[in-house]
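>>> Starting from these lines, generate the structure:
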Amino acid sequence: MMSRKTILLAKRCFSSKVQLPSPLSNVRVLDLTRIVAGPYCTMILGDMGAEILKIENPDGGDEARKWGPPFVDSTSESCYFICLNRNKKSICIDLKKAEGLKIVNELAEKCDVLVENYVPGKLEKLGLGYEEVAGINPRLVYCSITGYGQDGPYKNRPGYDVIASSIGGLMNITGPYDGEPCKVGVAMTDIATGLYAHGAILSALYQRTHTGIGQKIDCNLLSTQLACLINIGSNYLNAGVEGGRWGSSHPSIVPYRTYKSKDGRYITIGAGSDLQFQDLLKKLDIADVITDTRFKTNKDRIKNREILDEMLMRTFGEKNLNDWEKILENASFPWGPVNSLEQAFNDEHVKDIGIVKTLEHPVAGEVKVVGPAVQFSGAANLVRSSPPTLGQHTQEVLGEILGFSEEVIGDLKKKKIIA
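As a prediction, this is how the structure comes out:
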């Protein structure tokens with residue numbers, strides 16, 4: 001049990017500007033990733049204090065740098081790249097040249113973690129596979145993020161979020177009822193893979209404190225997508241029930257969907273228990289429906305879904321969204337308006353928790369990012385630096401970490417090995 005002193009310190013850390021240590025401040029990561037899943041993983045590690053060395057191709061760098069418009073104001077900095085690459089140092093090294101590969105190997109020797117998302121076998125051909133790198137740094141935790149894993153007939157295919165969500169069943173259960181398959185509005189399979197990878201890396205680092213050696217980690221988009229099917233996957237595997245498209249509705253809980261208010265705005269309601277459903281009816285001033293046997297239990301409500309939805313749609317259509325927000329203020333069931341991004345980022349709660357951070361960028365001026373979603377009571381999880389410009393830290397990293405002189409760095413630049 002925590003002492004009163006510890007509890008008070010934790011509360012003070014949450015609510016004040018107390019300078020806290022970063023949990024990964026002694027960890028250095030060699031980041032050989034681009035696009036979304038890998039950069040998202042390393043960004044989370046960077047928020048937790050790890051030093052992230054992002055290796056980029058001198059000829060344009062991470063492809064996400066070009067994924068626009070939109071760009072930040074009138075600059076060439078893409079909003080896409082900005083959201084995935086804070087707290088990193090950009091180093092431009094040409095991996096097609098032997099001297100460039102030698103530099104990356106030297107950096108790997110001085111790192112705790114290497115994260116890469118090349119097609120399986122690509123880095124092995126370059127001499128940067130796990131066996132080769134572990135030979136010079138046995139303590140290295142080496143994480144590969146691929147589309148389909150290291151084995152199987154699809155292993156050499158390039159992997160993108162939308163393809164993994166197609167093959168993995170997500171698109172088939174996403175979209176309007178009886179409509180076409182839809183992709184999710186953001187790259188959730190990429191993001192989930194990055195989250196799986198960051199958790200696996202932390203676990204391997206923890207195990208290393210006992211064993212003294214690193215290990216190889218494999219994460220892939222398709223396996224992540226299948227794992228994320230949760231109850232829908234379980235329904236098929238255990239009951240033979242095929243997934244379908246339900247729009248904003250839920251196949252196993254009713255009511256659990258959006259309803260349109262009088263002014264055209266939408267509100268989402270989730271009544272997961274019989275008591276919550278009864279409270280909903282009271283709030284909507286149709287409490288007499290409580291005694292209707294067609295809706296007594298969730299099983300009954302699923303059976304009579306269309307009748308109940310029609311009744312609720314009619315009721316919600318009688319008042320404006322602002323009216324419903326006042327009526328539902330102290331409801332026992334979860335609810336919320338369907339917000340545009342403008343409404344979401346200007347929501348009073350979102351503004352109060354301060355999750356949006358403003359950073360000074362060397363080219364774009366001020367840029368805004370959504371900060372870490374997790375807080376620690378005794379450690380810092382922070383946005384410390386803006387996403388780097390291409391090659392911004394090449395000279396700094398080679399000089400400070402590898403001890404290269406200005407003459408050596410200048411010679412490498414002339415040879416176009418670094419930029």
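
>>> give me every residue that touches R34.
By Cβ atoms under 8 Å, 6 or more residues apart in numbering, the contact list for R34 reads 56, 61-64, 117. Where you see a C-beta, it was placed from the backbone N, CA and C, and this is true even at glycine.

>>> change it to 7 Å
Taking Cβ atoms under 7 Å, 6 or more residues apart in numbering, we find R34 in contact with 62-64.

>>> Are any of those residues buried, and if so which?
62, 64 (16 or more other Cβ atoms under 10 Å).

>>> Any chance of the contacts of R34 in CSV with pLDDT as columns?
Listed next are those as CSV, based on pLDDT from 0 to 100:
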residue, pLDDT
D62, 96
E63, 96
A64, 97
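
>>> can you redo the contacts of R34 as CSV with distance to F71 and secondary structure?
Listed next are the contacts of R34 as CSV, based on distance: Cβ to Cβ, whole Å; DSSP: H, G, I helix; E, B strand; the rest coil:
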residue, distance to F71, secondary structure
D62, 15, coil
E63, 15, helix
A64, 12, helix
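
>>> from the contacts of R34, which is closest to S340?
Taking Cβ to Cβ as the measure, A64 is the one of the contacts of R34 closest to S340, at 24.3 Å.

>>> shouldn't the closest one be in contact with S78?
Yes - the pair A64 / S78 is scored as a contact, 6.5 Å apart, by Cβ atoms under 7 Å.

>>> Below-threshold pLDDT in the stretch 201-350 of the chain: ranges please.
Judged against pLDDT under 70, the stretch 201-350 of the chain has no low-scoring part.

>>> Do you have the helices of it handy? List them.
Using DSSP state H, counting those that start in this stretch, the helices of the stretch 201-350 of the chain run over 221-227, 230-239, 274-283, 298-303, 305-316, 321-327, 341-345, 348-353.

>>> so of those, which one's packed in deepest?
helix 221-227 (a mean of 21; mean count of other Cβ atoms under 10 Å).

>>> by contact count, what packs against that one?
helix 161-167, helix 188-211 (3 or more Cβ pairs under 7 Å, 6 or more residues apart in numbering; DSSP states H and E).

>>> how close does L229 sit to I35?
23 Å (Cβ to Cβ, to the nearest Å).

>>> When these two are compared, which one has more neighbours?
I35 (21 against 17; other Cβ atoms under 10 Å).

>>> Quickly find the element holding that one.
I35 is part of no helix or strand when elements are defined by DSSP states H and E.

>>> For it, list the residues it contacts.
63-64.

>>> and it, what are its phi and psi?
When read as degrees, to the nearest 10, the backbone of I35 gives phi 70, psi -110.

>>> Against K319, how distant is it?
45 Å.

>>> I93 pairs with what?
I418 (DSSP bridges).

>>> Surely it and N105 touch.
No - look at I93 against N105 with Cβ under 7 Å: they stay out of range, at 10.8 Å.

>>> More neighbours: the two, which one.
Taking neighbours as other Cβ under 10 Å, I93 and N105 compare with I93 leading, 26 against 18.

>>> residues touching that one, list them.
55, 100, 103-104, 417-418.

>>> picking up where we left off before, just send the helices and strands packed on helix 221-227 back as a markdown table, with mean neighbour count and distance to H349 too.
Compiled in a markdown table, those are given as follows (neighbours: other Cβ atoms under 10 Å; distance: least, Cβ to Cβ, whole Å):
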| stretch | mean neighbour count | distance to H349 |
| --- | --- | --- |
| helix 161-167 | 21 | 29 |
| helix 188-211 | 19 | 22 |
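
>>> Tell me where this protein has strands.
28-32, 51-56, 88-92, 113-116, 141-146, 216-220, 256-260, 266-270, 335-337, 356-361, 365-370 (DSSP state E).

>>> tilt between the first one and strand 51-56?
By that I understand strand 28-32. 20 degrees (axes from the mean of the first three to the mean of the last three Cα atoms, to 10 degrees).

>>> Sheet-wise, list the partners of strand 28-32 with their directions.
Strand pairing (DSSP bridges) places strand 28-32 next to strand 51-56 (parallel), strand 113-116 (parallel).

>>> between it and helix 188-211, how many degrees?
Going by the same axes, to 10 degrees, strand 28-32 makes 140 degrees with helix 188-211.

>>> wait, doesn't T358 sit right on E366?
Yes - the criterion here is Cβ under 7 Å, and T358 meets it with E366 at 5.6 Å.

>>> Packed most tightly, which of the strands paired with strand 28-32 would that be?
Most buried among the strands paired with strand 28-32, given mean count of other Cβ under 10 Å as the contact rule, is strand 113-116, at a mean of 27.
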